[in-house]
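# Have a look; sequence and predicted model below, questions after that.
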Amino acid sequence: MLEKFFQLKKNNTTVRTEIIAGITTFMTMAYILAVNPGILAEAGMDQGAVFTATALSAAVATLVMALLAKLPFALAPGMGLNAFFAFSVCLGMGHTWQFALTAVFLEGIIFILLTAFNIRELIIKAIPINIKHAISVGIGLFIALIGFKNAGIVVDNQATLVSLGSVIDISHNAAPLVALITLVITGALLARKVKGALLIGILVGTVLGIPFGLTNLPSSFELTPPSLAPIMGKFEWNHIFTIDMALVLLTFLFVDLFDTVGTLIGVSSKANMLDEKGRIPRVKQALFADSIGTTLGAFLGTSTVTTYVESAAGVGEGGRTGLTAATTGVLFLLALFFSPLFLMIPSAATAPTLILVGVMMFTPITKIDLSDFTEAIPAFLTIVMMPFTFSIAEGIVFGMLGYVILKVLTGRFKEITIINYLLAALFILKFFID
């Protein structure tokens with residue numbers, strides 16, 4: 001039944017490969033179950049309730065992706081968007097978390113409409129093929145940077161922006177050393193073509209973290225998920241026609257739109273799922289999964305749900321169909337009842353996986369036409385601006401603006417579509433709004 005529904009042979013994969021890929025994706029993004037409740041609690045939300053909302057919205061959205069789009073992508077409340085929700089909208093602008101949830105709910109409704117009328121699909125199709133490949137490479141650098149940062153190998157530095165952390169000072173912080181050892185072991189497993197290498201690496205890192213106190217072994221299990229009652233359906237409708245609501249809503253829309261577009265394109269490019277015209281299979285259904293997840297997530301009580309770049313970890317393990325996503329979705333459901341088990345995995349164990357996924361995401365650089373500067377420069381801007389601005393969306397902004405401007409200045413107007421012009425105008429307008 002699984003073979004027929006997900007067409008495993010056609011996609012050159014197996015049930016075992018897909019399940020391992022789904023577990024790997026889950027383990028690289030399970031941190032959101034701990035991080036998201038902590039961030040939204042800063043806005044005054046009930047932390048336990050947010051945990052339940054996070055797990056449920058991730059599970060439902062990912063299962064929609066699995067069963068409707070049949071693609072190996074997982075979804076959950078997005079990092080960055082949750083920080084904007086808590087620290088900008090609530091703490092910065094002084095609005096209630098109910099106001100912020102209302103904005104997220106409206107965003108989801110708008111995305112459902114944009115997807116139904118193929119507007120989001122048109123945007124994806126309008127992105128030039130070289131920039132699509134560059135998005136994959138840029139995401140590779142971005143996700144590797146996240147891995148280095150999560151492990152403490154790369155740290156903040158006021159003088160040089162970033163610098164090398166204390167990688168051998170185990171008395172102060174053993175995470176960098178554990179991550180580096182795990183990185184070497186996992187890299188060797190990959191080189192030897194061991195099936196499930198990334199997942200094995202995460203397990204090795206978790207075990208290595210025990211004597212250093214990085215792996216928090218659960219002392220007990222709470223099998224009952226926290227109630228959603230304090231946050232579910234708590235909207236604030238009396239401010240929906242205000243300027244503040246418009247600004248907040250536009251920010252949510254812009255960041256989520258291009259983060260999702262970038263992730264779908266980048267991971268699809270790495271998995272060789274793009275057709276000869278650079279199109280993603282069943283992209284409309286994939287965008288519906290994102291829209292439904294955001295709308296449902298807001299009702300349950302969490303910030304914007306988006307497609308996760310950590311899906312690349314599962315693709316790196318060979319995941320090619322919705323069975324990968326289905327596995328991840330089921331694990332999010334199980335996490336509701338076994339949260340201490342899943343949350344004990346330290347970042348030092350998952351960081352090496354993100355770094356190695358960065359290597360895997362880098363391969364489409366060979367497909368980029370570097371001989372034509374009107375193609376090479378926009379591709380380069382797309383690649384470098386993602387890690388430099390810590391944003392997939394900003395990488396797309398600089399890449400698309402560079403593409404349109406250079407094509408216009410060199411008189412190659414026929415290579416620019418109307419959608420390209422509209423996107424460029426939107427991106428320029430964004431700079432003025434910011």
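That came in fine, so what should we check first?
# For the rest of this, base every contact and every neighbour count on C-alpha atoms.
OK.
# next SSE after the helix or strand of the chain with the lowest mean pLDDT?
None of the helices or strands of the chain scores lower by mean pLDDT, DSSP states H and E than helix 339-343, at a mean of 72. Heading C-terminal from helix 339-343, the first helix or strand you meet, by DSSP states H and E, is helix 347-361.
# what packs against that next one?
helix 15-29, helix 129-151, helix 175-191, helix 197-208, helix 243-270, helix 311-316 (3 or more Cα pairs under 8 Å, 6 or more residues apart in numbering; DSSP states H and E).
# Quick check: mean pLDDT of that helix?
Averaging pLDDT along helix 347-361 gives 86.
# Could you pull out the buried residues of that helix?
Of all the residues in helix 347-361, those buried under the rule 16 or more other Cα atoms under 10 Å are 347-361.
# Closest one of the residues you listed to R120?
M361 (23.6 Å; Cα to Cα).
# my guess is the closest one contacts I139, does it?
Yes. M361 lies in contact with I139 (Cα atoms under 8 Å); the separation is 7.0 Å.
# Identify the contacts common to the two.
Common contacts of M361 and I139 (Cα atoms under 8 Å, 6 or more residues apart in numbering): G266.
# Between the two ends of stretch 310-326, how far is it?
15 Å (Cα to Cα, to the nearest Å).
# same question, stretch 152-161
Across stretch 152-161, first to last residue, Cα to Cα, it's 14 Å.
# now that stretch: mean pLDDT?
88.
# mind listing what S220 touches?
S220 neighbours (Cα under 8 Å, 6+ apart): P340.
# Please save the CA atoms from stretch 130-150 in PDB.
What follows is stretch 130-150, C-alpha atoms only, in PDB (Å, rounded to 0.1, in the frame of the first residue of the first chain):
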ATOM      1  CA  ASN A 130      20.300  29.800 -11.700                       C
ATOM      2  CA  ILE A 131      18.900  31.600  -8.700                       C
ATOM      3  CA  LYS A 132      16.900  28.400  -7.800                       C
ATOM      4  CA  HIS A 133      20.200  26.500  -7.700                       C
ATOM      5  CA  ALA A 134      21.800  29.300  -5.800                       C
ATOM      6  CA  ILE A 135      19.100  29.200  -3.200                       C
ATOM      7  CA  SER A 136      20.000  25.600  -2.400                       C
ATOM      8  CA  VAL A 137      23.700  26.500  -2.000                       C
ATOM      9  CA  GLY A 138      22.800  29.600   0.100                       C
ATOM     10  CA  ILE A 139      20.600  27.500   2.400                       C
ATOM     11  CA  GLY A 140      23.500  25.000   2.700                       C
ATOM     12  CA  LEU A 141      25.800  27.800   4.000                       C
ATOM     13  CA  PHE A 142      22.900  29.100   6.200                       C
ATOM     14  CA  ILE A 143      22.100  25.800   7.800                       C
ATOM     15  CA  ALA A 144      25.800  25.000   8.300                       C
ATOM     16  CA  LEU A 145      26.200  28.400  10.100                       C
ATOM     17  CA  ILE A 146      23.200  27.500  12.300                       C
ATOM     18  CA  GLY A 147      24.900  24.200  13.100                       C
ATOM     19  CA  PHE A 148      28.300  25.800  14.000                       C
ATOM     20  CA  LYS A 149      26.400  28.400  16.100                       C
ATOM     21  CA  ASN A 150      24.200  25.800  17.900                       C
END
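# tell me which of the buried residues of helix 347-361 is nearest to I265?
M361 (11.3 Å).
# From L68, how far off is that closest one?
On the measure of Cα to Cα, M361 and L68 end up 25 Å apart.
# next one: F380
F380 is 34 Å from L68, by Cα to Cα.
# ditto for F288
9 Å.
# Looking only at neighbour counts, state which of these two leads.
Neighbours per residue, other Cα atoms under 10 Å: of F288 and L68, the larger number sits with F288, 23 against 16.
# which one is A246 nearest to, not counting chain neighbours?
Distances taken as Cα to Cα, 6 or more residues apart in numbering put I240 closest to A246, at 7.8 Å, once the chain neighbours are dropped.
# list the contacts for that neighbour?
Under the criterion of Cα under 8 Å, 6+ apart, the neighbours of I240 are T102, A103, A246.
# what about the first one, which helix or strand?
Assigning secondary structure by DSSP H and E places T102 in helix 97-116.
# before we move on, the earlier item: quick one: which of the contacts of I240 is nearest to V255?
A103 (13.5 Å).
# Please look at the closest one and M245 and confirm they touch.
Yes. Counting by Cα under 8 Å, M245 is a contact partner of A103 at 6.7 Å.
# And the two? Which one has more around it.
Taking other Cα under 10 Å, A103 and M245 do not tie; A103 has more neighbours (30 against 19).
# Look up how far F252 lies from that one.
8 Å.
# again, but for S371
Distance of S371 to F252, given as Cα to Cα: 37 Å.
# A379 now?
As judged by Cα to Cα, A379 and F252 stand 25 Å apart.
# Have a look at those two and say which one is more surrounded.
A379 (32 against 23).
# And the helix or strand where that one lies, how far out from the chain middle?
For A379, the enclosing helix or strand under DSSP H and E is helix 373-389. Remark: helix 373-389 is offset 19 Å from the chain centroid, using Cα atoms, centre = their mean, to the nearest Å.
# How about stretch 205-219?
Using Cα atoms, centre = their mean, the offset of stretch 205-219 from its chain centre is 26 Å.
# centroid residue for the chain?
Relative to the mean C-alpha position of the chain, the nearest C-alpha, by Cα atoms, centre = their mean, is the one of Y308, at 2.4 Å.
# give me phi/psi at that residue?
Main-chain dihedrals, Y308, degrees, to the nearest 10: phi -90, psi 130.
# Now it: closest residue in space that isn't a chain neighbour?
Here the residue nearest Y308, using Cα to Cα, 6+ apart, is L75, at 5.3 Å.
# Please work out how many residues are found near the one you found.
For L75, using other Cα under 10 Å, the count is 31.
# before we move on, what about L199?
The burial count for L199: 26, using other Cα under 10 Å.
# quick one: contacts for it?
Contacts for L199 (Cα under 8 Å, 6+ apart) come out as I20, I23, T24, M27.
# Tell me the spacing between the first one and M27.
Here I20 is placed at a distance of 11 Å from M27 (Cα to Cα).
# quick one: G78 and L40, what's the gap?
Look at G78 and L40: by Cα to Cα, they are 12 Å apart.
# more crowded one of the two?
Neighbour comparison, G78 and L40: the larger count goes to L40, with 25 against 22 (by other Cα under 10 Å).
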